[in-house]
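In: output the structure for:
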Amino acid sequence: MEALPLVALIAASAAVAGAARRTPVPAPLLLVAAGLLAGYLPGVPDYTLDPHVVLPLVLPPLLHMAALDSSYLDLRANARPVALLSIGYVLFATLAVGWLTHLLIPQLPLTAALVLGAIVAPPDAVAATAIARKLGLPNRITTILQGESLVNDATAITAYRVAVAAAVGEGATWVEGIAEFALAALGGVGVGLLLMVPIHWLRTHLKEALLQNTLSLLIPFVAYAAAEQVHASGVLAVVVVGLYLGHRSWQVDFATRLQEGAVWRMVAFVLESAVFALIGLQLPYVLKGLGHYGVGQALAYAVGVFVFVVVVRFVWVFPATFLPRRLSSRIRDREPGVDWKAPTIVGWAGMRGVVSLAIAFSVPLTTASGDPFPSRNLVLFLTFTTVIGTLVVQGLTLPALIRALRLPQRDAYADTLAEAQAQSEASAAADRRLDELLTDPRNALPEPLADRLRTVMERRRNSVWERLGTVNVETGESADDTYRRLTREMIGTEREVFVRLRDERRIDDEMMRTLLFRLDLEEAAAYREGDD
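Out: Below is the predicted model:
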C-alpha cells in the first residue's frame, strides 16, 4: 500500500472514530458503515486486506494492549468459562457451522465448509473489547468476553490450518490435527513463559523511560515472531507475555507507566479505527470475486450462514453455563446466582471482526493438485457478510438487549468506598514510614517541608472520602472536584506567564519547556487518569 492512501485511511478512520465518541453508537459500527460507503466513492483507492500484514503486524499489538488491560486474577478466577468459550466453543463452531453450511450449499465440499467454519468461529478481540468498554458490561461478563477473545484466535487459526490441509489434499488426519493443536497451544504458552521474565527484568533495569517504551512497542512483535518461528501460537505467546507484564506493571517506574499508557492508548485507537474501516472497504473486492454465484443467491447463503453462527453460539453457551453447575456442587457454591441473563448477553456478544477476514484472505488459491480451491470466492463473501452481520445486527442491538435485561451495574458507591478504604490504609502505612524516616538524621527536613509531605498525603487520603460526601449546591462538584478545578486554573495562569516571559525573551525556550514540564506533572497529579 502506498504512503498517501495509508495516511488517508488512518486520518479518515481516526476522524470517524472521534466523531463516534459523541454518539451513542459504538465506534466500530460507524467505522464499518463508513468503510462500506467509502468503498464506492470515486477516487477511493482499493484497500485489499493483506493477511501477511494483519496477522503479524496488526493483531499482536492489539492483543498485547488487551492483555495488559486484562486482570490476570480475574481471568484465573474465570478460567473454566473462558476455556469453554475460547477452545470448546471455537472447535464446536468450526464443526457445526461447517457441517450446516455444507448442508445449505451442497456444491461446497465439506472440507471447504469446515475451512469457513474455522474462519468465522472466533469472536473478534478488538470488537469484543471495544463494544464491552462502550456498554459498561458487568465485570464478570466483560472478563469472560475479553478472556475468550484473547485466546480463541489461537484455537481458530490452528483449526483453520488443519481444515485447509484437508481441503487442499494434504491428508491431515484427526490425530495430526490434535497434535498440531497441542503443539501450537503448548508451544505458544511455552514461548510466552520463556520470554516474560527476561523481558520484565529488562524493563525494570532500563533507566530511561524512552528506552523502556521503545521496548514496550517491540514486545508483542518479538513474542509473536518467536512463537511462529517454532510453529507455535504467536497469539498465545503475546497474551501470556502481556498478562504477566500487566500483572507486574507496578514494578516499573512511574515515568514509564505514564508514557506507556499514553502510547498504547494511541496505538490501539489508530489500529482499531483503521481495522474496522478496512472491514467495510473490502466489499467491492469481495463482490468482484463472486463469479458464477449471483448476488441474490449469495445473499441467501449469507443469511443462512449468519443464522448458523448466531444459533450455534447459543447452542454452546447455555449448556456450557448450566451443565457444569448441575454436575458439580463446588461450581454451584463458587458461582451462586447465575441466571439466564448473563449467558444471553455472552451469546449475543459474539461479534466477528478483522481476524476472520484476514484468515479468509489467506485461503490458498489452489489445492495440492493445482486445481482452484473449491468456491474460494464464496468463502470470502460469506466471511465478509458474517463479519458485517454480527457487527451491525448484534452490535447495534446489544445495548438495547442489556437495557431490556436490566443487568446489575457496578455499584459506584461501593467502588468509591473500597477505593477510599484502600487509600486510607496505604496513607496510614506511608505516614508511619515517614515518621520512621524522619527519625534518621540523614533524612532531616525543615518542619515546613515535613508538613508539606504530610499535607499531600492527607489530601490523597481525604480526596476519595470527599467523593462520598455532599456536593457544592452551586456547581454540583465535590470538594475534591473543586480542588482539582482550582488547581488547573492556577496552573493555567502560571503557564501563561511562562509563555509570556519566553515571548519577551526573558527566558529561553529550553527553560520554558523545563518549567512547563513541572507544571504538567503537577496537573497530572491533580487530574487522575479516568476523569477526562
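
In: show me the contacts for Phe181.
Out: Residues near Phe181 by Cβ atoms under 8 Å, 6 or more residues apart in numbering: 155, 158-159, 162. (C-beta placed from N, C-alpha, C; glycine too.)

In: where along the stretch 101-250 of the chain do the helices fall?
Out: Assigned by DSSP state H, counting those that start in this stretch, the stretch 101-250 of the chain shows helices spanning 110-120, 125-135, 139-167, 174-205, 209-229, 234-247.

In: what residues sit buried inside the fifth one?
Out: The one in question is helix 209-229. Residues of helix 209-229 classed as buried by neighbour count (16 or more other Cβ atoms under 10 Å): 209, 212-213, 215-216, 219-224, 226-228.

In: check the third one too.
Out: If you call a residue buried by 16+ other Cβ under 10 Å, then helix 139-167 has these buried ones: 140-167.

In: pLDDT on it, on average?
Out: Averaged across helix 139-167, the pLDDT comes to 86.

In: got it, and the last one?
Out: Helix 234-247 shows a mean pLDDT of 93 in the predicted model.

In: likewise the longest one?
Out: Model confidence over helix 174-205, given as mean pLDDT, is 88.

In: quick one: it to helix 234-247, angle?
Out: Orientation check (axes from the mean of the first three to the mean of the last three Cα atoms, to 10 degrees): helix 174-205 against helix 234-247 gives 30 degrees.

In: and the two most separated of the contacts of Phe181?
Out: With Cβ to Cβ as the measure, no two of the contacts of Phe181 lie farther apart than Thr155 and Val162, at 11.0 Å.

In: measure the residue nearest the centre of the chain to Ala156 for me?
Out: Of all residues in the chain, the one closest to the mean position by Cα atoms, centre = their mean is Ala66, 3.7 Å from it. Look at Ala66 and Ala156: by Cβ to Cβ, to the nearest Å, they are 16 Å apart.

In: next one: Leu62
Out: Taken as Cβ to Cβ, the span from Leu62 to Ala156 is 15 Å.

In: same check on Leu281?
Out: 23 Å.

In: one more: Pro441?
Out: 64 Å.

In: ok, Met511 next?
Out: Distance of Met511 to Ala156, computed by Cβ to Cβ: 56 Å.

In: tally of neighbours for Ile87?
Out: The tally of other residues near Ile87 (other Cβ atoms under 10 Å) stands at 17.

In: for it, what are its contacts?
Out: Counting by Cβ under 8 Å, 6+ apart, Ile87 touches 151-152, 155.

In: test my guess that Ala223 contacts Val191.
Out: Yes: the criterion here is Cβ atoms under 8 Å, and Ala223 meets it with Val191 at 6.9 Å.

In: how close does Gly192 sit to Ser249?
Out: 17 Å.

In: out of those two, which sits in the busier spot?
Out: Gly192 (27 against 15).

In: and for the more buried one, nearest residue in space, chain neighbours not counted?
Out: Spatially, and ignoring its direct neighbours in sequence, Gly192 is nearest to Val240 (2.6 Å; Cβ to Cβ, 6 or more residues apart in numbering).

In: so that neighbour sits against Leu194, correct?
Out: No: between Val240 and Leu194 there is no contact under Cβ under 8 Å: 9.5 Å.

In: what's whichever strand or helix holds Ala14 in contact with?
Out: Here Ala14, judged by DSSP states H and E, is contained in helix 3-20. With contacts defined as Cβ under 8 Å, 6+ apart, helix 3-20 is touched by 26-27, 30-31, 34, 38, 45, 47, 269-270, 272-274, 276-278.
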